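Student: how does the following fold in three dimensions:
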Amino acid sequence: MSPEDKDIPDVCLILEGTYPFVTGGVSSWTHQLINHLPDVRFHLYCLIAEREPGPWKFPRPDNVTGVTTLSLGASSESLEGEGKMLSPGEEKALIDLLRTFHRSLLGGSPEAFQTLFESFHKTGFSPELFRTLSAGRQAWSLIGEFYQAQFAHEAFIDFFWMWRTTHLPLFALLSAPLPRARLYHSLASGYAGMLGVMGKLAYDRPFVLTEHGIYTRERKIEIALAQWIGKSQEDEATVRPIRETVKGFWMRIFEQLGRIVYHYSDTIVTLFEGNRSIQIRDGADPEKTQVIPNGITIGERPVLPQIPKPSGGERVVGFIGRVVPIKDVKTFIQACRLVADQYPAVRVLIMGPMDQDPEYARECQSLVELLGLSGQVSFTGSVRVEDYLPSLDLLVLTSLSEAQPLVIMEGAVYEVPTVATRVGACDELINGRLREDRLLGPGGIVTSVGNPDETALAILRLLRDEALRRRMGRAARIRMERFYREEAVFSAYREIYRKGGR
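Tutor: Numbering: from 1, shown residues only. The predicted model follows:
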């Protein structure tokens, strides 16, 4: 091994909007992964939405040897270095290649990205490349061409913002230098996954993908919920197939980015079989996929003795998670109004960062006031969950999409049962996955998505029945002790790294 090779990190860990600048389940998992593999040298490549990264929310591990940050909303001025000016012929050739890539990609050919990337790699990563792709005359011509051909019945501003939102991050990646590593590991598909693909193609190194949640599915939910996209310029009564709308085109772009990432991954990991089935349906090779459930440390969190509470006395219900639309906090708040009507002694804590979607957070606060819940519902912002879990009677998750929520597992360690929507691995965590697991009994109640009535009924059932709540809490903890210990998780990743992603 040459001296230069010794300086190359073992793993370039690629993160989008999470660790180390944001708290949450995936961030906590990432910190645990790095700390449990002290002999593995990590370089963090962090994709952020802001122009500059915020402060670290975690202590920096000794085996993090370097950090690169890139703003996905970067402008050419924010990219360092100077690039050569492209001639009109070179600019036209690049845009023609981008046009061909789009047509091939939307036609179902993920291999088209390699041709595009190799051409850009040969041109050189530079601010000039970014300017050409995002604001050059030829680029504007291409945007107009796509708009006129497919979406002239919708507002151009919708199409323009769709193009800008989906393409500028990709152009920023293509224009940014790639650190060398022995292996690239992305914790999401999407743009983080695309960066992993670029590392594989540029340096012929293995690429591992881990999806806690299915990135493409979550982006499609967000697009579907967006109220401002795709208002037709024609008769509002006109109904068009989703694929013929700006929203549909936006969804298809993320679908195809996911296919590229799956195509070039050497190993694709997810947390439960339901996610693996979705990955395979969306283009992943079954032979590359595997399930590694998350685990949790049991011994470090002793269960505190529970003192019986009087019937009808105060009960504390906790919601732990980011205050963002995908968590459907509004459904939880509506359920709280129904609960408070039947159980006035309830106290509700909404614990999680409020700054990731400030407008949505303000809407949730306004809803609490509108429903007259200000005296019972509190927004705490980010907290140390271990400081609050021992005092909770019940956890609630009303998410539209989840992977394997760490908060359910953390609550279970403290014998706190959970009411959660039937998404991701929630049913497995609450009711069990294997036969011997299910024999333990439920560790909470699973409800339908977007249903405040059903959520409220489940909460009331547990608040009113102390014996049931205790029985479910105990089953939840035993399930973690027997089936979700974290030692097996990190041993599995050590083996993946040792084998070079295969």
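Student: poorly predicted segments of the stretch 301-450 of the chain, please.
Tutor: Applying pLDDT under 70 to the stretch 301-450 of the chain flags the ranges 301-307.
Student: and the helices in it?
Tutor: Listed in chain order, the helices of the stretch 301-450 of the chain (DSSP state H, counting those that start in this stretch) span 329-342, 358-370, 385-388, 406-413, 426-431, 435-438.
Student: ok, residues contacting the last one?
Tutor: Contact partners of helix 435-438, identified using CB atoms under 8 Å, 6 or more residues apart in numbering, comprise 431-432, 479, 482-483. In this view, the C-beta of every residue, glycine as well, is placed from N, C-alpha and C.
Student: weed out the non-buried ones from the residues you listed.
Tutor: Buried members of the contacts of helix 435-438, scored by 16 or more other CB atoms under 10 Å, are 431-432, 479, 483.
Student: circling back: who wins for proximity to residue 96 among the helices of the stretch 301-450 of the chain?
Tutor: Nearest of the helices of the stretch 301-450 of the chain to residue 96, taken as CB to CB: helix 358-370 at 39.5 Å.
Student: just the angle for the closest one relative to helix 329-342, thanks.
Tutor: Calculated by axes from the mean of the first three to the mean of the last three CA atoms, to 10 degrees, helix 358-370 forms an angle of 10 degrees with helix 329-342.
Student: other SSEs contacting helix 358-370?
Tutor: Helices and strands touching helix 358-370, by 3 or more CB pairs under 8 Å, 6 or more residues apart in numbering; DSSP states H and E, are helix 329-342, strand 377-381.
Student: can you rerun that using 10 Å?
Tutor: On a contact count with 3 or more CB pairs under 10 Å, 6 or more residues apart in numbering; DSSP states H and E, helix 358-370 meets helix 329-342, strand 346-351, strand 377-381.
Student: low-confidence ranges, the stretch 51-200 of the chain, go.
Tutor: Using pLDDT under 70, the stretch 51-200 of the chain drops low at 73-86, 106, 108, 123-130.
Student: just the strands in it please.
Tutor: Applying DSSP state E, counting those that start in this stretch to the stretch 51-200 of the chain gives strands spanning 64-71, 183-186.
Student: a markdown table for those, including mean neighbour count?
Tutor: Shown next, in a markdown table, are the strands of the stretch 51-200 of the chain (neighbours: other CB atoms under 10 Å):
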| stretch | mean neighbour count |
| --- | --- |
| strand 64-71 | 16 |
| strand 183-186 | 28 |
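Student: make JSON lines out of those strands and add distance to residue 345.
Tutor: Listed next are the strands of the stretch 51-200 of the chain as JSON lines, based on distance: least, CB to CB, whole Å:
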{"stretch": "strand 64-71", "distance to residue 345": "47"}
{"stretch": "strand 183-186", "distance to residue 345": "47"}
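Student: which one of the ones you listed lies nearest to residue 273?
Tutor: Among those, strand 183-186 comes nearest to residue 273, with 21.3 Å by CB to CB.
Student: what's the closest one packed up against?
Tutor: Going by 3+ CB pairs under 10 Å, 6+ apart, strand 183-186 lies up against strand 11-16, strand 42-48, helix 190-203, strand 207-211, strand 267-270, helix 487-498.
Student: with adjacent residues omitted, what lies nearest to residue 22?
Tutor: Take residue 22 and drop its neighbours on the chain: the residue closest to it by CB to CB, 6 or more residues apart in numbering is residue 57, 6.6 Å away.
Student: an error on my part: the question was meant for residue 156.
Tutor: Leaving aside its sequence neighbours, residue 156 sits nearest to residue 147 (CB to CB, 6+ apart; 6.0 Å).
Student: cool, and residue 471?
Tutor: For residue 471, the spatially nearest residue (CB to CB, 6+ apart) is residue 441, at 7.0 Å.
Student: ok, that neighbour - contacts?
Tutor: Residue 441 makes contact with 431-432, 471-472, 474-476, 478-479, according to CB atoms under 10 Å, 6 or more residues apart in numbering.
Student: returning to what we had before: how about the residue nearest to residue 156, what does it touch?
Tutor: Contacts of residue 147 by CB under 10 Å, 6+ apart are 154, 156, 158-160, 162-163, 246.
Student: what would those residues look like in CSV with distance to residue 378?
Tutor: Converted to CSV, these look like this (distance: CB to CB, whole Å):
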residue, distance to residue 378
154, 42
156, 44
158, 38
159, 42
160, 41
162, 38
163, 41
246, 39
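Student: in CSV: those residues, plus neighbour count and distance to residue 49.
Tutor: Formatted as CSV, the contacts of residue 147 follow (neighbours: other CB atoms under 10 Å; distance: CB to CB, whole Å):
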residue, neighbour count, distance to residue 49
154, 23, 26
156, 15, 25
158, 22, 21
159, 23, 22
160, 15, 19
162, 21, 17
163, 20, 18
246, 26, 22
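Student: quick one: mean pLDDT over stretch 18-34.
Tutor: Average pLDDT, stretch 18-34: 91.
Student: how about the nearest residue to residue 162, chain neighbours excluded?
Tutor: Closest residue to residue 162 apart from its sequence neighbours, by CB to CB, 6+ apart: residue 250 at 4.8 Å.
Student: number of residues surrounding that neighbour?
Tutor: Per other CB atoms under 10 Å, the neighbour tally for residue 250 reads 25.
Student: is residue 290 within a helix or a strand, and which one?
Tutor: Element membership for residue 290, per DSSP states H and E: strand 289-291.
Student: for that strand, packing partners?
Tutor: Against strand 289-291 (3+ CB pairs under 10 Å, 6+ apart) you get strand 267-270, helix 273-281, helix 487-498.
Student: returning to what we had before: with distance to residue 422 and mean neighbour count added, can I get the helices and strands packed on helix 358-370 in JSON lines?
Tutor: Output for the helices and strands packed on helix 358-370, formatted as JSON lines (distance: least, CB to CB, whole Å; neighbours: other CB atoms under 10 Å):
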{"stretch": "helix 329-342", "distance to residue 422": "13", "mean neighbour count": "21"}
{"stretch": "strand 346-351", "distance to residue 422": "21", "mean neighbour count": "21"}
{"stretch": "strand 377-381", "distance to residue 422": "24", "mean neighbour count": "17"}
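Student: could I get these as CSV with distance to residue 29?
Tutor: Putting the helices and strands packed on helix 358-370 into CSV (distance: least, CB to CB, whole Å) gives the following:
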stretch, distance to residue 29
helix 329-342, 22
strand 346-351, 18
strand 377-381, 21
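Student: quick revisit: what strands flank the strand holding residue 290, and is each parallel or antiparallel?
Tutor: Applying DSSP bridges to the sheet, strand 289-291 is found paired with strand 267-270 (parallel).
Student: how about the residue lying farthest from the centre of the chain, what does it touch?
Tutor: Most distant residue from the mean C-alpha position of the chain: residue 310, 40.7 Å away (CA atoms, centre = their mean). Counting by CB under 10 Å, 6+ apart, residue 310 makes contact with 345, 466.
Student: from residue 285, how far off is it?
Tutor: Remark: distance between residue 310 and residue 285 (CB to CB, to the nearest Å) = 58 Å.
Student: returning to that earlier point: show residues contacting the strand holding residue 290.
Tutor: Contact with strand 289-291 is made by 209, 211, 262, 265, 267-277, 279-280, 425, 492, 496, as judged by CB under 10 Å, 6+ apart.
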